[in-house]
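>>> Predicted model and sequence follow; I will ask about them next.
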Amino acid sequence: MMQRWVTGLYNLLLGVWVGGLVMFAVGAGITFQTVRAYDPTLGLEPYDAAVLADQGPGILAGAVVGHVLDGLAIVELICAAGLVVCATLQWMFWGARWQWSNVLRCGMLLASGGLLALHLGVIGPAIQTHRDAMYDPTSSALARSEARSAFEPYHKASEKVAGAMLLLLAGACIISPFALGVKTSGKQQRKRSDD
């Protein structure tokens, strides 16, 4: 009975994490398209400065996506922590520990957790720092341009990390049934062989 609860929770957490990443990817693209189509003018200081007048859509869309990403990070941390507990219990008590599918599944989960830590600890803060500098109206045009140049590689890295996490977690979803296959008792196996 406990195994079913743990497996159910494991599947829920894995599904929520994968779903969150998919919805973020879709939502980010739609947000930028929609905001650019409406071409809003920002009336909030310091973004209403004349030097930033043509960048309103990018500022607004980036702010919305950034806040959504902050919320997703909380969901991801909860999912990652829960998956560590579930996978540890599954490793210790159910399934073949060193079976290739179980080792691969756990490796995918650990790699996803490592990528999440990289994003939250290094890439995300760098993006925010350079984004703030890009839209600082008190800075010179050259400083804003340099900040944008520094921002771009981190933004690309963020996209790649999110894509890699999604692939790893999707792989863990696919391999999990093999790693967590339900063991049958000897009596059930004999009955099957008699049929």
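On my side now, so go ahead. Computed from a prediction, not measured in an experiment: that's the story for all the values here. Numbers count the residues shown, from 1 in each chain.
>>> correct me, but Ala141 touches Val51?
Yes - contact criterion Cβ atoms under 8 Å: Ala141 and Val51 qualify, at 7.3 Å. (C-beta placed from N, C-alpha, C; glycine too.)
>>> Tell me which of these two has more neighbours.
Ranked by neighbour count (other Cβ atoms under 10 Å), Ala141 and Val51 place Val51 first, with 15 against 8.
>>> check contacts around that one.
Going by Cβ atoms under 8 Å, 6 or more residues apart in numbering, Val51 touches 137, 141, 144.
>>> What is the nearest of these to Trp100?
Distance to Trp100 across those (Cβ to Cβ) is lowest for Arg144, with 51.4 Å.
>>> excluding its backbone neighbours, what's nearest that closest one?
Met134 (5.5 Å; Cβ to Cβ, 6 or more residues apart in numbering).
>>> Residue ranges in this protein under the pLDDT threshold?
Along the chain, segments meeting pLDDT under 70 span 95-96, 182-195.
>>> which residue sits closest to the spatially most central residue of the chain in space, ignoring its chain neighbours?
When the chain is reduced to its mean C-alpha position, the closest residue under Cα atoms, centre = their mean turns out to be Leu21, at 4.8 Å. Closest residue to Leu21 apart from its sequence neighbours, by Cβ to Cβ, 6+ apart: Leu166 at 4.6 Å.
>>> before we move on, back to that, how many other residues sit next to the residue nearest to Arg144?
The criterion is other Cβ under 10 Å. On that basis, Met134 has 22 neighbouring residues.
>>> contacting residues for it?
Met134 is in contact with 144, 147-148, 151, counting by Cβ under 8 Å, 6+ apart.
>>> And those residues, which is closest to Leu72?
Phe151 (19.7 Å).
>>> ok, back up a step: roughly how far does the residue nearest to Arg144 sit from Ala147?
Computed with Cβ to Cβ, to the nearest Å, the distance linking Met134 and Ala147 is 4 Å.
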